[in-house]
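**Student:** predicted model, plus sequence, below.
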Amino acid sequence: MKNILKKVGLLLLLAFVIMQFIRPDKNELGYESVAYFENDTKPTEEIQQILRSNCYDCHSNQTVYPWYAEIAPVSYWLADHVEEGKEHFNVSDWEQYSNKKKDHKLDELIEEVEKGEMPLSSYTWVHGDLEKEEMEVLINWTRELRKKYATN
């Protein structure tokens with residue numbers, strides 16, 4: 001029994017070491033990837049800060065990776081979070097969205113933040129959550145912004 005446990009342990013260690021060399025692609029195109037969104041929506045500095053510290057990591061092509069993103073299997077887990085986040089809403093694709101889709105995405109943003117589903121709790125463990133005041137500012141800005149796309 002000890003031999004089997006030892007072999008399983010060695011296999012797991014070997015798999016862990018190999019995983020360190022097979023890394024998922026990074027999502028780091030830089031600020032340019034959100035420039036169109038910010039130029040089009042004209043967020044205040046306060047809103048920009050909220051977006052940059054709570055949204056862009058998973059909802060743009062501009063992820064700022066923490067140090068632990070270099071360690072598998074966390075690197076795979078984070079890559080999956082980013083990929084899934086971008087599937088739902090990617091501000092780096094804002095230019096390709098129709099006004100109807102922009103309005104819909106902003107409506108979803110309001111809904112997710114109001115329900116407390118964004119940012120994800122797994123994100124807030126390390127990065128911290130949105131303060132109530134930040135939520136209100138973001139939601140109010142988004143509601144006002146929706147008017148721009150709902151009427152066009």
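**Tutor:** Perfect, I can see it now. Numbering: from 1, shown residues only.
**Student:** and for residue 112, nearest residue in space, chain neighbours not counted?
**Tutor:** residue 118 (3.9 Å; Cβ to Cβ, 6 or more residues apart in numbering). Just so you know, the C-beta spots here come from the backbone N, C-alpha and C atoms, and that holds for glycine as well.
**Student:** hmm, who's touching the helix or strand in which residue 137 is found?
**Tutor:** Assigned by DSSP states H and E, residue 137 belongs to helix 132-150. Contacting residues not belonging to helix 132-150 are listed as 41, 43-44, 46-47, 50-51, 54, 99-100, 102-103, 106-107, 109-110, 113-114, 130 [Cβ atoms under 8 Å, 6 or more residues apart in numbering].
**Student:** run the chain-centre distance for it.
**Tutor:** 19 Å (Cα atoms, centre = their mean, to the nearest Å).
**Student:** likewise stretch 145-152?
**Tutor:** 24 Å.
**Student:** okay, now the unreliable bits of the chain?
**Tutor:** Counting by pLDDT under 70, the ranges of the chain that qualify are 27-31, 120, 122-129, 151-152.
**Student:** quick one: the helices in it?
**Tutor:** 2-19, 32-41, 45-54, 56-59, 74-88, 99-114, 121-127, 132-150 (DSSP state H).
**Student:** that older thread, now, of the contacts of helix 132-150, which are buried?
**Tutor:** Buried by 16 or more other Cβ atoms under 10 Å: 41, 43, 47, 50-51, 54, 102-103, 106, 109-110, 113, 130, out of the contacts of helix 132-150.
**Student:** please convert those residues to a markdown table, extending it with distance to residue 23.
**Tutor:** Shown next, in a markdown table, are those (distance: Cβ to Cβ, whole Å):
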| residue | distance to residue 23 |
| --- | --- |
| 41 | 33 |
| 43 | 33 |
| 47 | 33 |
| 50 | 30 |
| 51 | 27 |
| 54 | 25 |
| 102 | 34 |
| 103 | 37 |
| 106 | 34 |
| 109 | 31 |
| 110 | 35 |
| 113 | 32 |
| 130 | 30 |
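**Student:** all set now, cheers.
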